[in-house]
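1. sequence plus predicted model, see below.
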2 protein chains.
Amino acid sequence: MGLAKTEMFTDLQNEIALFAKVFGHPARVSILQHLFKINTCVCGDLVEEIGLAQPTISQHLKELKHLGLIKGNVEGTSVCYCINQDNWKAMKKVMTEFLNQDLTQKQDCC
Amino acid sequence: MGLAKTEMFTDLQNEIALFAKVFGHPARVSILQHLFKINTCVCGDLVEEIGLAQPTISQHLKELKHLGLIKGNVEGTSVCYCINQDNWKAMKKVMTEFLNQDLTQKQDCC
DNA sequence: TCTGTTAATCGTAATATTGCAATAAACAAA
DNA sequence: TTTGTTTATTGCAATATTACGATTAACAGA
(Lines give C-alpha, C1' and ligand atoms only; values in the text may rest on other atoms or scores of the structure.)
Protein backbone atom coordinates (compact mmCIF):
# COMPACT_ATOMS: atom_id res chain seq x y z
CA MET A 1 0.00 0.00 0.00
CA GLY A 2 2.95 2.33 0.36
CA LEU A 3 1.38 3.60 3.55
CA ALA A 4 3.06 2.79 6.83
CA LYS A 5 0.69 1.90 9.67
CA THR A 6 2.19 4.38 12.08
CA GLU A 7 -0.67 4.12 14.56
CA MET A 8 0.44 0.69 15.70
CA PHE A 9 3.85 1.91 16.84
CA THR A 10 5.10 4.06 19.68
CA ASP A 11 5.89 7.74 19.25
CA LEU A 12 9.56 6.96 19.70
CA GLN A 13 9.53 4.26 17.06
CA ASN A 14 7.85 6.62 14.63
CA GLU A 15 10.25 9.42 15.50
CA ILE A 16 13.28 7.23 14.88
CA ALA A 17 11.80 6.11 11.57
CA LEU A 18 11.14 9.71 10.48
CA PHE A 19 14.67 10.82 11.22
CA ALA A 20 16.09 7.73 9.54
CA LYS A 21 13.93 8.23 6.49
CA VAL A 22 15.31 11.70 5.87
CA PHE A 23 18.83 10.24 5.95
CA GLY A 24 17.70 7.51 3.59
CA HIS A 25 18.70 9.36 0.45
CA PRO A 26 22.33 10.03 -0.49
CA ALA A 27 21.50 13.53 -1.75
CA ARG A 28 20.29 14.55 1.68
CA VAL A 29 23.29 12.93 3.34
CA SER A 30 25.49 14.88 0.96
CA ILE A 31 23.69 18.16 1.60
CA LEU A 32 24.10 17.76 5.34
CA GLN A 33 27.77 16.84 5.08
CA HIS A 34 28.33 19.89 2.91
CA LEU A 35 26.56 22.18 5.34
CA PHE A 36 28.72 20.82 8.14
CA LYS A 37 31.89 21.38 6.14
CA ILE A 38 31.11 24.80 4.69
CA ASN A 39 29.76 26.38 7.82
CA THR A 40 29.51 29.68 6.05
CA CYS A 41 25.93 28.89 5.10
CA VAL A 42 25.91 27.68 1.57
CA CYS A 43 22.85 28.41 -0.50
CA GLY A 44 22.32 27.29 -4.05
CA ASP A 45 25.91 26.22 -4.68
CA LEU A 46 24.49 22.95 -3.47
CA VAL A 47 22.98 22.53 -6.89
CA GLU A 48 26.43 22.74 -8.52
CA GLU A 49 28.13 20.82 -5.73
CA ILE A 50 25.75 17.89 -5.92
CA GLY A 51 24.73 17.85 -9.55
CA LEU A 52 21.01 17.35 -9.29
CA ALA A 53 18.57 19.84 -10.79
CA GLN A 54 17.61 22.92 -8.81
CA PRO A 55 14.01 21.87 -8.11
CA THR A 56 15.28 18.52 -6.84
CA ILE A 57 17.74 20.08 -4.41
CA SER A 58 15.07 22.52 -3.31
CA GLN A 59 12.76 19.62 -2.56
CA HIS A 60 15.40 17.80 -0.49
CA LEU A 61 16.15 21.01 1.41
CA LYS A 62 12.46 21.36 2.15
CA GLU A 63 12.35 17.92 3.75
CA LEU A 64 15.40 18.63 5.88
CA LYS A 65 13.90 21.94 6.92
CA HIS A 66 10.55 20.34 7.66
CA LEU A 67 12.20 18.02 10.19
CA GLY A 68 14.01 21.01 11.64
CA LEU A 69 17.52 19.80 10.92
CA ILE A 70 18.43 22.86 8.86
CA LYS A 71 17.46 26.52 8.81
CA GLY A 72 17.06 28.78 5.81
CA ASN A 73 17.58 32.49 5.72
CA VAL A 74 16.72 34.73 2.79
CA GLU A 75 19.54 37.06 1.80
CA GLY A 76 18.67 39.17 -1.16
CA THR A 77 17.85 36.88 -4.02
CA SER A 78 19.61 33.87 -2.57
CA VAL A 79 18.81 31.69 0.42
CA CYS A 80 21.34 30.72 3.00
CA TYR A 81 21.02 27.33 4.68
CA CYS A 82 22.73 25.98 7.73
CA ILE A 83 22.48 23.22 10.30
CA ASN A 84 20.04 23.81 13.16
CA GLN A 85 22.44 22.82 15.88
CA ASP A 86 19.92 22.46 18.69
CA ASN A 87 17.65 20.20 16.71
CA TRP A 88 20.58 18.23 15.35
CA LYS A 89 21.71 17.56 18.91
CA ALA A 90 18.24 16.40 19.92
CA MET A 91 18.00 14.13 16.91
CA LYS A 92 21.45 12.74 17.62
CA LYS A 93 20.37 11.80 21.12
CA VAL A 94 17.37 9.84 19.89
CA MET A 95 19.28 8.05 17.14
CA THR A 96 22.34 7.32 19.25
CA GLU A 97 20.21 5.73 21.93
CA PHE A 98 18.64 3.50 19.31
CA LEU A 99 22.01 2.53 17.86
CA ASN A 100 23.58 1.93 21.25
CA GLN A 101 21.00 -0.48 22.59
CA ASP A 102 22.71 -3.63 23.61
CA LEU A 103 21.91 -7.27 24.20
CA THR A 104 21.77 -8.48 27.77
CA GLN A 105 23.45 -11.66 26.60
CA LYS A 106 26.67 -11.19 24.72
CA GLN A 107 26.42 -14.34 22.70
CA ASP A 108 24.61 -14.76 19.40
CA CYS A 109 21.82 -17.24 19.79
CA CYS A 110 21.84 -18.54 16.22
CA MET B 1 11.25 9.02 -10.90
CA GLY B 2 11.45 7.23 -7.56
CA LEU B 3 14.96 6.18 -8.53
CA ALA B 4 17.85 7.66 -6.56
CA LYS B 5 20.86 8.65 -8.65
CA THR B 6 23.33 6.74 -6.52
CA GLU B 7 26.15 7.01 -9.05
CA MET B 8 26.68 10.67 -8.28
CA PHE B 9 27.41 10.06 -4.60
CA THR B 10 30.28 8.51 -2.69
CA ASP B 11 30.20 4.93 -1.45
CA LEU B 12 30.00 6.21 2.10
CA GLN B 13 27.06 8.47 1.34
CA ASN B 14 25.23 5.59 -0.30
CA GLU B 15 26.08 3.26 2.58
CA ILE B 16 24.74 5.72 5.15
CA ALA B 17 21.57 6.15 3.09
CA LEU B 18 21.05 2.38 2.81
CA PHE B 19 21.37 1.83 6.55
CA ALA B 20 19.15 4.81 7.27
CA LYS B 21 16.54 3.61 4.81
CA VAL B 22 16.15 0.29 6.58
CA PHE B 23 15.52 2.17 9.84
CA GLY B 24 13.04 4.38 8.02
CA HIS B 25 10.03 2.23 8.86
CA PRO B 26 8.66 1.90 12.39
CA ALA B 27 7.98 -1.82 11.93
CA ARG B 28 11.65 -2.50 11.34
CA VAL B 29 12.62 -0.29 14.26
CA SER B 30 10.19 -2.27 16.39
CA ILE B 31 11.51 -5.63 15.18
CA LEU B 32 15.07 -4.64 16.02
CA GLN B 33 14.13 -3.32 19.45
CA HIS B 34 12.32 -6.56 20.16
CA LEU B 35 15.26 -8.68 19.05
CA PHE B 36 17.51 -6.67 21.35
CA LYS B 37 15.15 -7.11 24.26
CA ILE B 38 14.28 -10.77 23.80
CA ASN B 39 17.75 -12.05 23.08
CA THR B 40 16.46 -15.56 23.11
CA CYS B 41 15.94 -15.37 19.38
CA VAL B 42 12.31 -14.72 18.72
CA CYS B 43 10.81 -16.15 15.58
CA GLY B 44 7.27 -15.59 14.42
CA ASP B 45 6.00 -14.16 17.68
CA LEU B 46 7.00 -10.95 16.00
CA VAL B 47 3.81 -11.21 14.01
CA GLU B 48 1.74 -11.22 17.20
CA GLU B 49 3.98 -8.73 18.96
CA ILE B 50 3.80 -6.17 16.17
CA GLY B 51 0.37 -6.77 14.71
CA LEU B 52 1.10 -6.69 11.00
CA ALA B 53 0.28 -9.63 8.76
CA GLN B 54 2.73 -12.49 8.55
CA PRO B 55 3.84 -11.82 4.96
CA THR B 56 4.49 -8.20 5.86
CA ILE B 57 6.70 -9.09 8.81
CA SER B 58 8.48 -11.67 6.70
CA GLN B 59 9.22 -9.01 4.12
CA HIS B 60 10.63 -6.60 6.71
CA LEU B 61 12.78 -9.38 8.16
CA LYS B 62 14.10 -10.09 4.69
CA GLU B 63 15.28 -6.52 4.30
CA LEU B 64 16.99 -6.51 7.68
CA LYS B 65 18.66 -9.80 6.83
CA HIS B 66 19.69 -8.56 3.40
CA LEU B 67 21.62 -5.70 5.02
CA GLY B 68 23.17 -8.20 7.42
CA LEU B 69 21.76 -6.67 10.59
CA ILE B 70 20.00 -9.86 11.65
CA LYS B 71 20.56 -13.58 11.22
CA GLY B 72 17.95 -16.28 10.76
CA ASN B 73 18.25 -19.87 11.82
CA VAL B 74 15.79 -22.61 10.88
CA GLU B 75 14.65 -24.68 13.85
CA GLY B 76 12.14 -27.27 12.88
CA THR B 77 9.17 -25.52 11.33
CA SER B 78 9.98 -22.16 12.83
CA VAL B 79 12.78 -19.70 12.15
CA CYS B 80 14.81 -18.07 14.84
CA TYR B 81 16.04 -14.54 14.29
CA CYS B 82 18.63 -12.54 16.16
CA ILE B 83 20.86 -9.50 15.85
CA ASN B 84 24.08 -9.99 13.94
CA GLN B 85 26.29 -8.30 16.50
CA ASP B 86 29.40 -7.88 14.35
CA ASN B 87 27.51 -6.23 11.53
CA TRP B 88 25.49 -4.12 13.94
CA LYS B 89 28.73 -2.82 15.41
CA ALA B 90 30.10 -1.98 11.97
CA MET B 91 26.89 -0.19 11.01
CA LYS B 92 26.90 1.70 14.30
CA LYS B 93 30.39 3.01 13.58
CA VAL B 94 29.37 4.37 10.19
CA MET B 95 26.17 5.96 11.43
CA THR B 96 27.69 7.37 14.61
CA GLU B 97 30.44 9.07 12.65
CA PHE B 98 27.83 10.67 10.45
CA LEU B 99 25.77 11.83 13.43
CA ASN B 100 28.80 13.11 15.32
CA GLN B 101 30.19 15.34 12.62
CA ASP B 102 30.55 18.80 14.01
CA LEU B 103 30.78 22.37 12.78
CA THR B 104 34.14 24.07 12.95
CA GLN B 105 32.30 27.21 13.97
CA LYS B 106 30.04 26.88 16.93
CA GLN B 107 27.72 29.65 15.95
CA ASP B 108 24.73 29.35 13.66
CA CYS B 109 25.25 31.49 10.61
CA CYS B 110 21.62 32.27 9.95
C1' DT C 1 9.85 50.06 -14.84
C1' DC C 2 12.48 46.50 -17.07
C1' DT C 3 15.94 42.87 -16.76
C1' DG C 4 18.48 39.33 -14.79
C1' DT C 5 19.27 36.21 -10.86
C1' DT C 6 17.91 32.95 -7.50
C1' DA C 7 14.89 29.81 -5.24
C1' DA C 8 10.20 27.79 -4.55
C1' DT C 9 6.24 25.58 -6.46
C1' DC C 10 3.41 22.98 -9.81
C1' DG C 11 2.60 19.23 -12.64
C1' DT C 12 3.84 14.95 -14.19
C1' DA C 13 6.39 10.63 -15.30
C1' DA C 14 8.97 6.80 -13.59
C1' DT C 15 10.05 3.93 -9.95
C1' DA C 16 9.86 2.24 -5.02
C1' DT C 17 7.57 0.90 -0.89
C1' DT C 18 4.06 -1.05 1.95
C1' DG C 19 0.60 -4.34 2.99
C1' DC C 20 -1.86 -8.44 2.49
C1' DA C 21 -4.58 -12.51 0.46
C1' DA C 22 -3.46 -16.60 -1.63
C1' DT C 23 -0.29 -19.94 -2.22
C1' DA C 24 3.80 -22.72 -1.81
C1' DA C 25 7.52 -24.86 0.73
C1' DA C 26 9.48 -27.17 4.57
C1' DC C 27 9.09 -29.73 8.33
C1' DA C 28 7.13 -32.54 12.58
C1' DA C 29 4.08 -35.69 14.32
C1' DA C 30 0.47 -38.92 13.89
C1' DT D 1 1.22 -40.75 3.81
C1' DT D 2 -1.68 -37.34 5.72
C1' DT D 3 -2.33 -33.42 8.62
C1' DG D 4 -1.13 -29.37 10.95
C1' DT D 5 2.26 -25.67 11.80
C1' DT D 6 5.30 -22.18 10.43
C1' DT D 7 7.58 -19.22 7.23
C1' DA D 8 8.65 -17.63 2.44
C1' DT D 9 7.05 -16.25 -2.01
C1' DT D 10 3.92 -14.48 -5.51
C1' DG D 11 0.91 -11.23 -7.27
C1' DC D 12 -1.38 -7.54 -6.80
C1' DA D 13 -3.44 -2.64 -5.26
C1' DA D 14 -2.60 1.66 -3.01
C1' DT D 15 0.43 5.10 -1.81
C1' DA D 16 5.10 7.40 -1.55
C1' DT D 17 9.34 8.99 -3.43
C1' DT D 18 12.43 10.89 -6.75
C1' DA D 19 13.53 13.79 -10.51
C1' DC D 20 12.93 17.53 -13.51
C1' DG D 21 10.81 20.92 -17.05
C1' DA D 22 8.05 24.79 -16.84
C1' DT D 23 6.55 28.36 -14.30
C1' DT D 24 6.15 31.62 -10.58
C1' DA D 25 7.77 34.65 -6.91
C1' DA D 26 10.93 37.67 -4.88
C1' DC D 27 14.37 40.63 -5.14
C1' DA D 28 18.55 43.70 -6.85
C1' DG D 29 20.32 46.76 -10.01
C1' DA D 30 20.12 49.44 -14.25
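-> It's in.
2. run a quick neighbour tally on the closest residue to DNA strand C within chain A.
-> Here the residue of chain A nearest DNA strand C is A:Gly44; by Cβ to the nearest atom of the strand that distance is 1.9 Å. To be clear about C-beta, it is placed using only N, CA and C from the backbone, and glycine gets the same treatment. By the criterion of other Cβ atoms under 10 Å in any protein chain shown, A:Gly44 has 16 neighbours.
3. DNA strand C contacts on chain A?
-> Residues of chain A lying close to DNA strand C by Cβ under 7 Å from any atom of the strand are A:1-5, A:43-44, A:47, A:54-55, A:58-59, A:61-62, A:72, A:77-79.
4. how far away from the center of its chain is stretch A:54-71?
-> 9 Å (Cα atoms, centre = their mean, to the nearest Å).
5. now do stretch A:83-92
-> In terms of Cα atoms, centre = their mean, the centre of stretch A:83-92 is found 10 Å from the chain centre.
6. ok so, going back, narrow the residues of chain A next to DNA strand C to those that are buried.
-> Those of the residues of chain A next to DNA strand C that meet the buried threshold are A:Cys43, A:Gly44, A:Leu61, A:Gly72, by 16 or more other Cβ atoms under 10 Å in any protein chain shown.
7. what's near enough to touch the residue of chain A closest to DNA strand C?
-> A:Gln54, A:Ile57, A:Ser78, A:Val79 (Cβ atoms under 8 Å, 6 or more residues apart in numbering or on different chains).
8. same question for A:Trp88.
-> Counting by Cβ under 8 Å, 6+ apart, A:Trp88 has contacts A:Leu69.
9. quick revisit: the residue of chain A closest to DNA strand C and A:His66, how far apart?
-> 19 Å (Cβ to Cβ, to the nearest Å).
10. hmm, back to that, near DNA strand D, from the residues of chain A next to DNA strand C?
-> Restricting the residues of chain A next to DNA strand C to those near DNA strand D - Cβ under 7 Å from any atom of the strand - leaves A:Met1, A:Gly2, A:Leu3, A:Gln54, A:Pro55, A:Gln59, A:Thr77.
11. check which helix or strand covers the residue nearest to A:Thr6 when sequence neighbours are not counted.
-> Nearest-residue entry for A:Thr6: A:Asn14, 5.2 Å, with adjacent residues in sequence omitted and distances by Cβ to Cβ, 6 or more residues apart in numbering or on different chains. Here A:Asn14, judged by DSSP states H and E, is contained in helix A:11-22.
12. correct me, but A:Cys82 touches A:Lys65?
-> No: the pair A:Cys82 / A:Lys65 is not scored as a contact, 10.9 Å apart, by Cβ atoms under 8 Å.
13. the more surrounded of these two?
-> Neighbours were tallied for A:Cys82 and for A:Lys65 using other Cβ under 10 Å; the higher tally belongs to A:Cys82 (23 against 14).
14. that one looks like it's in a strand, true?
-> Yes: assigned with DSSP: H, G, I helix; E, B strand; the rest coil, A:Cys82 falls within a strand.
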